[in-house]
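J.: pasting the sequence and the predicted model now:
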Amino acid sequence: MTTDLTLDEAWRLLADDPRAVLIDVRTVAEWMFVGRPHLGELENEVRFVEWTQFPSGVVNDQFVIEATVGLDDDQPLLLLCRSGARSAAAAAALEADGIATTHNVVAGFEGDLDDEGHRHGGWKDHLPWAQQ
């Protein structure tokens, strides 16, 4: 069953379990122009696998294979997107394929929209990241 994690819970899980893998499911354009999560001194793996393909918006039918290649079925997988919606769908797809431990990082990389249409409260505001 997929669980939702706050940013602090996600970071703590990554820090406590070196087998935990962070999978950023945003698009290539987002990784290039918005930035990428960086785990600092943590040695966990970060994978970048589009859930929906850019620019078409079509769901990546190879997502499960690309996201899990070389991983054990019981490794904790943390899914991250812009705001938590795509990552929830990606986590559900992994769970449906038999992956036992999936987590949705609900704040996402950018967070929620404010009244002025700007995103705040995500990974980018609280945890290490890098511009590529």
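T.: That came through fine. Numbering: from 1, shown residues only.

J.: middle-most residue in the chain, spatially?
T.: Nearest to the geometric centre of the chain sits L80, at 1.9 Å (Cα atoms, centre = their mean).

J.: list the residues that contact that one.
T.: Each residue near L80 by Cβ atoms under 8 Å, 6 or more residues apart in numbering is listed here: 10, 22-26, 37, 87, 105, 108-109, 123. All C-beta spots, glycine's among them, are computed from the backbone N, C-alpha and C.

J.: tell me which helix or strand in this structure has the weakest average pLDDT.
T.: strand 111-113 (a mean of 93; mean pLDDT, DSSP states H and E).

J.: and that strand, which strands flank it?
T.: Strand pairing for strand 111-113, determined by DSSP bridges: strand 119-121 (antiparallel).

J.: A29 touches Q53, doesn't it?
T.: No - shown here, A29 and Q53 do not form a contact pair, counting by Cβ atoms under 8 Å, at 10.6 Å.

J.: so if I had to pick from these two, which one is more boxed in?
T.: Neighbours were tallied for A29 and for Q53 using other Cβ atoms under 10 Å; the higher tally belongs to Q53 (15 against 11).

J.: neighbours of the spatially closest residue to that one that is not a sequence neighbour, how many?
T.: Once flanking residues are discounted, Q53 sits nearest to N60: 5.3 Å by Cβ to Cβ, 6 or more residues apart in numbering. Residue neighbour count, defined by other Cβ under 10 Å, stands at 19 for N60.

J.: for the record, mean pLDDT for the biggest helix by length in the chain?
T.: Secondary structure of the chain per DSSP state H: the longest helix is helix 85-96. Regarding helix 85-96, the rounded mean pLDDT is 96.

J.: residues making contact with it?
T.: Residues outside helix 85-96 that contact it (Cβ under 8 Å, 6+ apart): 1-2, 4, 23, 25-26, 51-52, 63-64, 67-68, 77, 79-81, 102-106, 108.

J.: strands - which of those residues land there?
T.: Among these, DSSP state E puts 4, 23, 77, 79-80, 102-105 in strands.

J.: what subset of the residues you listed is buried?
T.: Buried subset of these (neighbour count, 16 or more other Cβ atoms under 10 Å): 23, 77, 79-80, 102-105.
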